[in-house]
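Peer 1: need coordinates for the following:
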Amino acid sequence: MNIVILAAGQGKRLGLVSPNSLPKVLHSVAGAPMLAHVINAVRAATIDGVANASVNIVIVVGFGAEKVQEAFLGQGDLRFVVQSPQLGTGHAVQQAAPLLNDAMRTLVLYGDVPLIHSSTLQQLLTADGDVALLTVQLSQPTGYGRVVRDRHGNVLRIVEERDATNSERQLTEVNTGILIAPTRNLKTWLGALSNQNAQSEYYLTDIIAQAVAQHCRVVAVECADSEQMLGVNSKSELATVERIAQRRAANELMERGATLADPGRIDVRGRLDVGADVSIDVGCIFEGHVSLADGVRIGAYCVLRDSSIGARTEVLPFSHLTGAIVGAEARIGPYARLRPGAELSDAVHIGNFVEVKASTLGRGSKANHLAYVGDATIGANVNIGAGTITANYDGARKHRTIIGDDVSIGSNAVLVAPVTIGAGATIAGGSTISRNAPEGKLTVARARQATLEGWKRPKKEKKV
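Peer 2: Take a look at the predicted model:
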């Protein structure tokens, strides 16, 4: 199967007028470029009865071509061709024609139509016709090409709105631009295209009239879900598509058993895996790949990115987790921050305004208030007092703090790495620890308190 995805547009209506602007098809929907959604739908579709069998994907790029290609580096099944100048959809497919295998059919898609389902593509691929095009019924079809049929219902041609007669503009079945055709015929039809129309462009849709003239069977596959066909040509349309994508994601989560406090106030910008009886409060954002095990509770306005949360753990409101691994029955937040490399065992408590980075905490350890734990290895059942920090950076290099099991760190302590605190040790509040502390002992490292007799606080002189 040949796949041609048209992705050359500049997106002027999106405000992309600078040469440094992000190409339209790289704008994000649900955390991924629009073009990536189209590619994923194609890959997921069953082609000729075999998933992903003999797929030749050609992407036609134009504005920001280098950026589009860089965004998909490493995906070896993708090939790119440049359309310059951009003279219409037919001209775009002409650029891809030399890379198409005549022995396979060609499916044409659009990189700015990110909501297309693989199941819809499957229906198109299995349609009984020489040429099949995807259509949709719209009550307000303004701006779309209309499908013209004869009195028997057979497809005759596609007419663009600017070239349509008044009666043709009353038609409500519109062309989506997505079609499949025999490649050898397609190349012939592309070569016969003319730009004698209102926009002086080479319309891909004109091949339909050519196919009919050559007595090819042209069938229209109507998509009942018009939302799948929404293209993005403005910031308003981008926002509309994003909301639809998020509504879909919310519905899928609820179908898998998750409880959402408000399905309209959750953003999934990537992949979110949920176990049984997961609960998510309002305003939460999930980015990258996030996994929530059975019974996890996520409080309001949390942001989780590329993190894994163990069973029955609770993440309290306004917490931010990035690249974190949290065990079962832990409690995080509120207002906690877990940075990349944070690995928390079961029953760990990380409280308000505590930050953990590149550190491991053993089972049952706690840092409940106002602490920074960075580049540390912490054992089980350790208590870290309020205001404690691991001073891990000397201005040039990071150093590690090692804390054994059952250690108690008093409030407002500073652990100057590299340093080791032995198992069962107690660090007195207010201490600055710059040398190793022995096991099972109380270590105090703070200046002796003194009271100065006869000292008087300075007073301001009164201004004359």
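
Peer 1: from here on, just use CA atoms for contacts and neighbour counts.
Peer 2: Fine.

Peer 1: now I309: how far from A328?
Peer 2: Per C-alpha to C-alpha, to the nearest Å, I309 is found 7 Å from A328.

Peer 1: the two: who's more crowded?
Peer 2: Counting neighbours by other C-alpha atoms under 10 Å for I309 and for A328 shows that I309 has the greater number, 27 against 21.

Peer 1: show the backbone phi and psi for that one.
Peer 2: Main-chain torsions, I309, degrees, to the nearest 10: phi -120, psi 130.

Peer 1: ok, now the one 5 residues further on?
Peer 2: Taking degrees, to the nearest 10, you get phi -120, psi 130 for the backbone angles of E314.

Peer 1: where exactly do the strands run in the stretch 101-250 of the chain?
Peer 2: For the stretch 101-250 of the chain, applying DSSP state E, counting those that start in this stretch gives strands covering 105-110, 131-137, 146-149, 155-159, 173-182, 218-222.

Peer 1: would you mind putting those strands into TSV with distance to Q69, mean pLDDT and mean neighbour count alongside?
Peer 2: Shown next, in TSV, are the strands of the stretch 101-250 of the chain (distance: least, C-alpha to C-alpha, whole Å; pLDDT from 0 to 100; neighbours: other C-alpha atoms under 10 Å):
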stretch	distance to Q69	mean pLDDT	mean neighbour count
strand 105-110	16	96	23
strand 131-137	28	94	23
strand 146-149	33	92	22
strand 155-159	32	90	21
strand 173-182	22	93	23
strand 218-222	32	93	21
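
Peer 1: make a markdown table out of the ones you listed and add distance to A445.
Peer 2: As requested, the strands of the stretch 101-250 of the chain are exported to a markdown table (distance: least, C-alpha to C-alpha, whole Å):
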| stretch | distance to A445 |
| --- | --- |
| strand 105-110 | 67 |
| strand 131-137 | 76 |
| strand 146-149 | 82 |
| strand 155-159 | 84 |
| strand 173-182 | 73 |
| strand 218-222 | 77 |
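
Peer 1: out of these, nearest to S434?
Peer 2: The minimum distance between S434 and these falls on strand 105-110, with 61.7 Å, by C-alpha to C-alpha.

Peer 1: pairing partners for R146 in the sheet, please.
Peer 2: For R146, the beta-bridge partners under DSSP bridges are V159, V174.

Peer 1: returning to that earlier point: nearest to I280, out of the strands of the stretch 101-250 of the chain?
Peer 2: With C-alpha to C-alpha, the closest approach to I280 among the strands of the stretch 101-250 of the chain belongs to strand 105-110: 34.5 Å.

Peer 1: pull up the pairing partners for the closest one, direction included.
Peer 2: If you go by DSSP bridges, strand 105-110 pairs up with strand 2-7 (parallel), strand 173-182 (antiparallel).

Peer 1: among the ones you listed, which is nearest Q228?
Peer 2: For the strands paired with strand 105-110, proximity to Q228 was assessed by C-alpha to C-alpha; strand 173-182 is nearest, at 9.9 Å.

Peer 1: list of residues touching the closest one?
Peer 2: 102, 104-110, 124-125, 130-138, 141, 144-147, 158, 204-205, 229 (C-alpha atoms under 8 Å, 6 or more residues apart in numbering).

Peer 1: what about 6 Å?
Peer 2: Around strand 173-182, the neighbours that count as contacts under C-alpha atoms under 6 Å, 6 or more residues apart in numbering are 105-109, 131-137, 145-147.

Peer 1: swap in stretch 184-194?
Peer 2: D102, Y202, I207.

Peer 1: buried ones in it, by neighbour count?
Peer 2: Neighbour-count burial for stretch 184-194 flags R184, N185, L186, K187, W189, L190, L193 (criterion: 16 or more other C-alpha atoms under 10 Å).

Peer 1: tell me, how many residues neighbour T126?
Peer 2: The number of residues packed near T126 is 14, by other C-alpha under 10 Å.

Peer 1: helices of the stretch 351-464 of the chain, start to end?
Peer 2: Using DSSP state H, counting those that start in this stretch, the stretch 351-464 of the chain contains no helices.

Peer 1: max-length helix in the protein?
Peer 2: Counting residues, the longest helix found in the chain (DSSP state H) is helix 235-255.

Peer 1: quick check: next helix or strand after that helix?
Peer 2: For helix 235-255, the succeeding helix or strand toward the C-terminus, using DSSP states H and E, is strand 259-260.

Peer 1: tell me where the model's unsure across the stretch 1-150 of the chain.
Peer 2: Applying pLDDT under 70 to the stretch 1-150 of the chain picks out residues 12-19, 46-53.

Peer 1: mind redoing it with 80?
Peer 2: Within the stretch 1-150 of the chain, the stretches with pLDDT under 80 are 10-20, 46-54, 76.

Peer 1: can you give me the helices for it?
Peer 2: Going by DSSP H, counting those that start in this stretch, the stretch 1-150 of the chain shows helices at 34-44, 65-71, 89-96, 118-125.

Peer 1: make a markdown table from those helices and add mean neighbour count to it.
Peer 2: Converted to a markdown table, those look like this (neighbours: other C-alpha atoms under 10 Å):
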| stretch | mean neighbour count |
| --- | --- |
| helix 34-44 | 21 |
| helix 65-71 | 15 |
| helix 89-96 | 22 |
| helix 118-125 | 20 |
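
Peer 1: state the distance from D405 to A423.
Peer 2: In terms of C-alpha to C-alpha, D405 sits 5 Å off from A423.

Peer 1: what does T313 give?
Peer 2: As for T313, its distance to A423 is 27 Å (criterion: C-alpha to C-alpha).

Peer 1: likewise A330?
Peer 2: A330 is 22 Å from A423, by C-alpha to C-alpha.

Peer 1: coming back round to it: of all the helices of the stretch 1-150 of the chain, which one comes closest to K459?
Peer 2: Going by C-alpha to C-alpha, the one of these nearest K459 is helix 65-71, 65.8 Å.
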